[in-house]
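Asker: pasting the structure only:
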């Protein structure tokens with residue numbers, strides 16, 4: 001069994017990333033134990049909690065996972081800039097790391113595969129725009145769910161697991177750069193484990 005820690009910003013990251021990791025691990029016939037570490041309150045709070053987590057690993061208070069996946073929204077900064085910001089804060093960590101940086105926000109990933117969306121909610125969704133605006137994709141996700149005639153109880157994120165499980169990951173790996181980077185990194189890690 002492989003121990004994977006997902007260090008995330010919020011519930012949306014937990015739902016989407018947790019499901020993606022489980023789905024890919026299953027495809028590789030790898031048994032994983034997923035531990036979530038969450039830091040609610042935005043990017044600066046996430047960095048602060050991540051530094052604490054890394055210090056706890058160095059001190060022996062936490063075990064070093066087989067894989068640490070750090071997820072934070074790109075927030076229009078892009079993958080490279082956001083990754084560099086994180087790396088500057090955790091230079092002392094020596095374990096395996098994957099960066100999951102949805103650009104600009106993780107809710108956009110749930111709107112990338114209209115067929116998956118339709119399979120789950122009964123109606124497809126429009127392709128998400130490639131623009132950056134605060135809360136735009138939360139609104140787009142909510143609008144798409146309402147457009148499907150479904151009443152979202154948690155802003156729509158309650159459907160994330162089902163949508164992710166229906167996604168055509170091979171297509172999305174090519175269609176969205178930020179999701180493609182994550183999928184390739186996970187597959188590369190899992191190939192090493194088998």
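Answerer: Now that the structure is in, tell me what you want to look at. Not measured: the values here are computed from a predicted model. Numbers count the residues shown, from 1 in each chain.

Asker: Name the SS class of residue 98, please.
Answerer: strand (DSSP: H, G, I helix; E, B strand; the rest coil).

Asker: What segments of this structure are strands?
Answerer: 2-8, 32-38, 67-71, 97-100 (DSSP state E).

Asker: Tell me which of those strands is the most buried.
Answerer: strand 67-71 (a mean of 25; mean count of other CB atoms under 10 Å). Bear in mind the C-beta positions are built from the backbone N, C-alpha and C, glycine included.

Asker: before we move on, the earlier item: Serialize the strands of the chain to CSV and add fields for distance to residue 176.
Answerer: As requested, the strands of the chain are exported to CSV (distance: least, CB to CB, whole Å):
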stretch, distance to residue 176
strand 2-8, 19
strand 32-38, 23
strand 67-71, 15
strand 97-100, 12
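
Asker: Which of those strands sits closest to residue 25?
Answerer: Closest approach to residue 25 among those is made by strand 32-38 (4.5 Å; CB to CB).

Asker: Could you figure out how far the closest one is turned away from strand 2-8?
Answerer: 20 degrees (axes from the mean of the first three to the mean of the last three CA atoms, to 10 degrees).

Asker: can you give me how far strand 32-38 is from the chain middle?
Answerer: What separates the centre of strand 32-38 from the centre of its chain is 12 Å, taken as CA atoms, centre = their mean, to the nearest Å.

Asker: residues near residue 140, how many?
Answerer: 21 (other CB atoms under 10 Å).

Asker: these two touch, right, it and residue 128?
Answerer: Yes. Between residue 140 and residue 128 there is a contact under CB atoms under 8 Å: 5.9 Å.
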